[in-house]
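Asker: Build me a structure from this.
(chains A and B)
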Number of protein chains: 2
Amino acid sequence: MSEQTTDKRVRAASRRHFLQAGAALASGSAMAGFAGTNALAVSDSNLPPSVPEWMKAPGDPTGSQPYGAPSVHEQGVVRNISKTLPQYVSAASRTPLQELDGIITPNGLFYERHHGGVPTIDPAEHRLMLHGMVDRPLVFTIEDIRRFPSQSRIHFIECSGNPVYTKPYGKTASDLVGLVSCAEWTGVPLKTVLDEAGLQAGARWIVAEGADAAALTRSIPIEKCLDDAMLVYSQNGERLRPQQGYPLRLLLPGFEGNMNVKWLRRLKVTAEPAYSREETAKYTDPMPDGTSREFTFIMEAKSIITRPSGGQKLIARGFHQITGLAWSGHGTIKRVEVSVDGGAGWQAAELQEPVLTRALPRFRLPWHWDGRPAMIQSRAIDETGYIQPTLAELVAVRGLNSFYHNNAIWPWRIDANGEVSNGQA
Amino acid sequence: MSEQTTDKRVRAASRRHFLQAGAALASGSAMAGFAGTNALAVSDSNLPPSVPEWMKAPGDPTGSQPYGAPSVHEQGVVRNISKTLPQYVSAASRTPLQELDGIITPNGLFYERHHGGVPTIDPAEHRLMLHGMVDRPLVFTIEDIRRFPSQSRIHFIECSGNPVYTKPYGKTASDLVGLVSCAEWTGVPLKTVLDEAGLQAGARWIVAEGADAAALTRSIPIEKCLDDAMLVYSQNGERLRPQQGYPLRLLLPGFEGNMNVKWLRRLKVTAEPAYSREETAKYTDPMPDGTSREFTFIMEAKSIITRPSGGQKLIARGFHQITGLAWSGHGTIKRVEVSVDGGAGWQAAELQEPVLTRALPRFRLPWHWDGRPAMIQSRAIDETGYIQPTLAELVAVRGLNSFYHNNAIWPWRIDANGEVSNGQA
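Answerer: Below is the predicted model of the structure:
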């Protein structure tokens, strides 16, 4: 049918129509409103060519990418790498949230946070040792683990410094909260493997150790280990990527990222926590009274508008869909509210079904931008009734000494040109 | 903690324990059954090294892969490319279903089926034209489409020749039914855009054309276009891959793959179908009475066991989890049944939640393999009550002239060595 492309019946829709639709919005017809203001006026310059060049000869053959890659026109959509953080100690890369849609983070863009670099592990040589207060200490190969009954679940993982507490730096959603991603994980419930070993009386913690150069070590309460913790070998269908712990990682849905120990090699059942570096010098929260809050495991409810967001530009007045992500380590997001007037008024956004527990549900809200400066922001409410706080509310409780566990509301400023920037900077 | 790795309390669990657990299964304790028979006996040879080489120095730095890739140890997990099919006419590559877990197919392994190769399209130059029996013919840029209210949904897409009808060739699950994959798609309901253009009285079909060298063209019933059809720009979070229609494709949940037109450039609203090559010479079903069944849009209920499946080997007697995928173009899978005795008896498998409509729900069934030859197979039952047929049942209705739309049950043969092969070959 390509020879019919310059069909005589194609006409540029008149600008009058869109103005009429805009008027319909003003008079309360939401349907005509978003449609009319959203479609752009057609001009001769954007009519399709009769036959574009790429239709005139066969394209790339099938199988030219046995394992595929994004379009050459998407080469800028990559992980956002912190250049100021030292490699092997604090290195991190962030998911480009503002470029993404839906709730699944593709594996190539899942955020990274490493303490000793990414080890290259031959799965045939990797072992998981389970010992300590168990009746039967065990050592598993990866194939041993994969023979146990598996499950798949969609969950987020988030770094506890996302963003760090009192430095509202960053221009984009990725700069601020790009240390969160979401995937479908497949693995074996940790409880299944613990049942095989037999927990002894008095077992209260499990100390998990990674096979990276940092031997990253965290203590997990036994209740979590017997609840929804998993030994994970696959992510979004395929085996884990090296950056995510290949060939085996711990998954603790809703717990801070570093506890989801990657390259998992050892689980030691104990009566007491290990008080490792990552739960003493790091990942604790200094409070105003001079004490430190330890073991802040669960990531509190949070949300972020990803579109429009910092670094983007509204190309025209009229209809825009505000969209973003919300999450809570405590369970299911019950509601996301959006303010388009600097926090004075809030309205409920639509949550994309299915809304999964401890995942990254996407919210959406239709909005008509009148072309004036605006401040937009979102707040998450989870199944416990907890409401995501403002930064001021967080500081009132926690003071200014904290570094981790900042779940404050993050506003975006929109100027009269449509340019979007960090509302706290 | 790595210096403690050779912890004296670690002991090889005794083989006696596993034999006891095996006995427990025989006496009816399923829990001890899968645990005991699944864990392998520990020997000195599989104790973890005190400190493996990869822990002794920092690994790869963060950001060494701005867009990540699988482990070097997973390089064999790639799309399965048909070498016997001519490029640019019948070229296809299949998803390696037997290597994957969960329900999401990673974008790099999503199956391909092209009729004129993969065009390289600059999204800034691409246009979608909507014309024919509409009040306002329109031309959209990709950014125009993205300004409309979007949705995200998880759906499968399947080629109608998956597998071809009367040739039970192929060794693996991928060889047989690897022309099906599942992703989270984000885009705009087609209805929204049609409402903007205004359908005229008598509009019954929409003829969709792709911007590939084949100008692939299919006619879609207007009812589907006004139901769940979408104009899709993202897949699993990121923009579509070129092989999947970058920058825009049609998604018709449950309809045969080629109707989900990729590189979508034109939608023409008509009173009659186009009777294009792809709905006359191809994709029709010759019936025993000499007529051809046209417009077999909806893919019927199907399932496949992916593990254990052809080319794999059961490494030991005892517990194995049978797992696979089920799907139906008619809606939700209500039940999957598995037979481990050549089709004499059937038992219900567990379906992984959430079970999404027109997606690829994963089923799982615990099984104790006694070491004797076996024939295993699955059958899907969808929300309409339809039961996936045997190949003999399909042939009894359809005769032997068909090529497409084979949704027969596919058995796997397991021999006494544990080797799994095609049960129909």
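Asker: what's around the residue lying closest to residue A:399 once chain neighbours are set aside, how many residues?
Answerer: Computed as C-beta to C-beta, 6 or more residues apart in numbering or on different chains, the closest residue to residue A:399 that is not its neighbour in sequence is residue A:288, at 3.4 Å. C-beta coordinates here come from the backbone N, C-alpha and C atoms, glycine included. Using other C-beta atoms under 10 Å in any protein chain shown, residue A:288 has 13 neighbouring residues.
Asker: Residue A:395 too?
Answerer: 17.
Asker: quick check, it in a helix?
Answerer: Yes - Residue A:395: assigned to a helix according to DSSP: H, G, I helix; E, B strand; the rest coil.
Asker: Now do the same contact list for the residue nearest to residue A:399.
Answerer: For residue A:288, the contact set (C-beta atoms under 8 Å, 6 or more residues apart in numbering or on different chains) comprises A:398, A:399, A:401.
Asker: Outline the domain layout of chain A.
Answerer: According to automatic domain parsing, chain A comprises the domains A:112-171+A:180-287, A:302-422.
Asker: which residues in the stretch 251-400 of chain A form helices?
Answerer: A:391-398 (DSSP state H, counting those that start in this stretch).
Asker: Identify the residue spatially nearest to residue A:59, adjacent ones excluded.
Answerer: Per C-beta to C-beta, 6+ apart, closest to residue A:59 is residue B:117, 3.3 Å.
Asker: Point out where chain A drops to low pLDDT.
Answerer: Where chain A drops to pLDDT under 70, the residues are A:1-49, A:166-168.
Asker: Nearest the geometric middle of it, what residue?
Answerer: residue A:181 (2.7 Å; C-alpha atoms, centre = their mean).
Asker: Need the phi and psi values for it.
Answerer: phi -150, psi 170 (degrees, to the nearest 10).
Asker: can you check the one 3 residues further on too?
Answerer: When read as degrees, to the nearest 10, the backbone of residue A:184 gives phi -90, psi 120.
Asker: isn't it right up against residue B:102?
Answerer: Yes - under the criterion of C-beta atoms under 8 Å, residue A:184 makes contact with residue B:102 at 4.5 Å.
Asker: Could you pull out the residues contacting both of those two?
Answerer: By C-beta under 8 Å, 6+ apart, the residues touching both residue A:184 and residue B:102 are A:152, A:236, A:237.
Asker: ok, and of the residues you listed, which contact chain B?
Answerer: Restricting those to those near chain B by C-beta under 8 Å from any C-beta of the partner chain leaves A:152, A:236, A:237.
Asker: Which ones among the residues you listed map onto strands?
Answerer: The strands, defined by DSSP state E, take in residue A:152 from those.
Asker: Using TSV, lay out the ones next to chain B among the shared contacts of residue A:184 and residue B:102 together with neighbour count.
Answerer: Output for those, formatted as TSV (neighbours: other C-beta atoms under 10 Å in any protein chain shown):
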residue	neighbour count
A:152	21
A:236	32
A:237	30
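Asker: Tell me which of the domains of chain A lies nearest to residue B:171.
Answerer: Closest to residue B:171 of the domains of chain A, according to C-beta to C-beta: domain A:112-171+A:180-287, at 20.8 Å.
Asker: Do me a favour and get the end-to-end distance for the closest one?
Answerer: 28 Å (C-alpha to C-alpha, to the nearest Å).
Asker: What is the neighbour count of the closest residue to residue A:198 other than its chain neighbours?
Answerer: Sequence neighbours aside, residue A:135 is the residue nearest to residue A:198 in space, at 3.2 Å (criterion: C-beta to C-beta, 6+ apart). Using other C-beta under 10 Å, residue A:135 has 11 neighbouring residues.
Asker: same deal with residue A:270?
Answerer: Residue A:270: 16 neighbours (other C-beta under 10 Å).
Asker: Also residue A:143?
Answerer: Applying other C-beta under 10 Å, we find 12 residues neighbouring residue A:143.
Asker: before we move on, what about the one 3 residues further on?
Answerer: Around residue A:146 there are 21 other residues, counting by other C-beta under 10 Å.
Asker: I'd like to know which of the contacts of residue A:288 is nearest to residue B:419.
Answerer: residue A:398 (60.7 Å).
Asker: So that closest one versus residue A:288, what's the distance?
Answerer: To residue A:288, residue A:398 is 7 Å away according to C-beta to C-beta, to the nearest Å.
Asker: cool, and residue A:236?
Answerer: Residue A:236 sits 42 Å away from residue A:288, taking C-beta to C-beta as the criterion.
Asker: cool, residue A:393 as well?
Answerer: For residue A:393 relative to residue A:288 (C-beta to C-beta), the value is 14 Å.
Asker: cool, residue A:70 as well?
Answerer: 47 Å.
Asker: hang on, the earlier thing: and the nearest residue to the residue nearest to the centre of chain A once chain neighbours are set aside, what is it in contact with?
Answerer: Counting by C-beta to C-beta, 6+ apart, the nearest residue to residue A:181 once its immediate chain neighbours are dropped is residue A:105, at 3.8 Å. Counting by C-beta under 8 Å, 6+ apart, residue A:105 makes contact with A:95, A:111, A:181, A:182, A:183, A:360, B:237.
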